[in-house]
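>>> One predicted model, sequence on top.
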Amino acid sequence: MIDTLPSPKAIRLFLGAMAVSLVAPVMAADEQTVTVAGYGGNLQDALIQTLWKPSAEKAGLTLRTESHDGQPSVRLQVQSGKPSWDAIHIGANDCAALSEQGMFEPLDYSVIDASGIPSRARGKDWIATNSYSVVMGWRTDKFKDGPKNWQEFWDVKKFPGRRALSVAPDEMLEVALLADGVPRDQLYPLDIERGLASLEKIKSDVAVWWTSGAQSSQLIKDGEVDLIAIWSSRVDSVVKDKAPVAYTYDDGLLGYGCMAILKGAKNVAAAQKLIANTVSADIQARIPTMMGYYGPTNNQAFEKASFSADILNQSNMSPANRAKQTMMDPRWWGRHVTEVQEDYKELIAQ
């Protein structure tokens, strides 16, 4: 039983509080937030400042970022039925594999203008946002002039010394086939047996099978190896540290980082807008000056700004450097990676 009735003032305060509580959820729902998960570290910091933050601001979105540890964590998010991430950034080969597993929402290409993105760098539910290169690096205190292609890298008589290759088969199988004389425009579909046979020829001269980008750069910097297949972004840091190391984009491989929207994501429409801006030529034109030895995937980016000769020389996707390299095909790896992995591991272990 209520002994006393509330005062008129109390009633007004109560009604006011109720009005606020009813409006607050509507305001929260109108605030468009998109959560992107990437690999973390320096690369993610660079992606935030160069691509995602300006893309979110342009779309009027609030950006949140988290980190993941690759395909397993992405699958767990989707299989939960309520992923806490809206979009991910991951390697394009992983994108293609996860796409095959049905982990992504379709991309809306009426929102996303992909006209400047090569067809090999996008799929129905993923799109490449930045590029990297696999290049040949060498010690200049060992060789005055380094190899100019993978066939020369494989030539242990012309270039005797300790070599390092990646413990992962993607990228190394392509390198091995180029070394065996496969023309660049006939690289795909990859001939797995021929690639493994080519790797077998050089295996005794591979001193280290590196497992991370950090390890690869340390190997060549410390002189533990004389030649290395390495990501250009990693070898560049070594060169900047004044180590006696050089590299070339000649006969390099172009790979990609990609973005995709998780199946069941809460903010699909917002994620579509973020990705649309991220791959736009205007935003992509920020990469050559802000992300060093990474490159845009939108070929129109180089038409949106004037770049110095130094920037064009260092960017792996400048027209001149792009022409020297072979674009990887993530779709092939999305379908065949498990087929190759066991044989590749066995080759290394023997």
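Everything's here; your move. Numbers count the residues shown, from 1 in each chain.

>>> Spatially central residue in this protein, please.
Nearest to the mean C-alpha position of the chain, by CA atoms, centre = their mean, lies residue 257 at 1.8 Å.

>>> Which strands border the helix or strand containing that residue, and is each parallel or antiparallel?
Here residue 257 sits within strand 245-261, counting by DSSP states H and E. Strand 245-261 pairs in its sheet with strand 87-91 (antiparallel), strand 127-139 (antiparallel), strand 326-327 (parallel), by DSSP bridges.

>>> These: which one's closest to residue 287?
Ranking these by proximity to residue 287 (CB to CB) places strand 127-139 first, at 6.2 Å. The C-beta positions use only the backbone N, C-alpha and C, and glycine is treated the same way.

>>> which is the next helix or strand following the helix or strand of the chain with the lowest mean pLDDT?
When the helices and strands of the chain are scored by mean pLDDT, DSSP states H and E, helix 8-30 comes last with a mean of 40. Using DSSP H and E, the helix or strand that follows helix 8-30 in sequence is strand 33-38.

>>> Tell me what angle that following strand forms with strand 245-261.
140 degrees (axes from the mean of the first three to the mean of the last three CA atoms, to 10 degrees).

>>> what does the domain assignment say about the chain?
The chain breaks down by automatic domain parsing into domains covering 31-131+256-327, 135-254.

>>> could the ones you listed go into JSON lines alongside distance to residue 350 and mean pLDDT?
Output for the domains of the chain, formatted as JSON lines (distance: least, CB to CB, whole Å; pLDDT from 0 to 100):
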{"stretch": "domain 31-131+256-327", "distance to residue 350": "25", "mean pLDDT": "96"}
{"stretch": "domain 135-254", "distance to residue 350": "8", "mean pLDDT": "97"}
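
>>> Quick one: closest of the ones you listed to residue 346.
Nearest to residue 346, of the domains of the chain and by CB to CB, is domain 135-254 at 9.2 Å.

>>> How far does that closest one stretch from one end to the other?
End-to-end distance for domain 135-254, by CA to CA, to the nearest Å: 9 Å.

>>> try stretch 36-53
11 Å.

>>> And for it, what's in contact with it?
63-69, 85-90, 129-130, 257, 259, 271, 274, 278, 283-284, 286-287, 290-291, 294 (CB atoms under 8 Å, 6 or more residues apart in numbering).

>>> So which of those belong to helices?
271, 274, 278, 283-284, 287, 290 (DSSP state H).

>>> quick one: which of those residues is nearest to residue 151?
residue 287 (31.0 Å).

>>> and the closest residue to that closest one other than its chain neighbours, how many neighbours?
Leaving aside its sequence neighbours, residue 287 sits nearest to residue 296 (CB to CB, 6 or more residues apart in numbering; 4.6 Å). Using other CB atoms under 10 Å, residue 296 has 30 other residues around it.

>>> how much space between residue 296 and residue 179?
29 Å (CB to CB, to the nearest Å).

>>> Can you mark which positions in stretch 82-90 are buried?
Neighbour counts using 16 or more other CB atoms under 10 Å place 83, 85-90 of stretch 82-90 among the buried residues.

>>> hang on, the earlier thing: and the domains of the chain: which comes nearest residue 334?
Taking the domains of the chain one by one with CB to CB, domain 31-131+256-327 is closest: 2.8 Å.

>>> from the middle of its chain, how far away would that closest one be?
Its chain's C-alpha centre and that of domain 31-131+256-327 lie 8 Å apart, by CA atoms, centre = their mean, to the nearest Å.

>>> All the helices of the stretch 101-250 of the chain, residue numbers only.
Under the criterion DSSP state H, counting those that start in this stretch, the stretch 101-250 of the chain contains helices at 150-153, 169-179, 192-202, 213-221, 232-240.

>>> what helices or strands is the last one leaning on?
Looking back up the chat, that one is helix 232-240. With contacts taken as 3 or more CB pairs under 8 Å, 6 or more residues apart in numbering; DSSP states H and E, helix 232-240 sits against strand 127-139, helix 213-221, strand 245-261.

>>> now those as a markdown table including distance to residue 173?
Output for the helices and strands packed on helix 232-240, formatted as a markdown table (distance: least, CB to CB, whole Å):
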| stretch | distance to residue 173 |
| --- | --- |
| strand 127-139 | 11 |
| helix 213-221 | 17 |
| strand 245-261 | 10 |
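
>>> Give me whichever of these is most buried.
Among the helices and strands packed on helix 232-240, the stretch with the highest mean neighbour count (mean count of other CB atoms under 10 Å) is strand 127-139, at a mean of 26.

>>> how far off helix 213-221 does it point, in degrees?
Using the same axes, to 10 degrees: strand 127-139 against helix 213-221 is 20 degrees.
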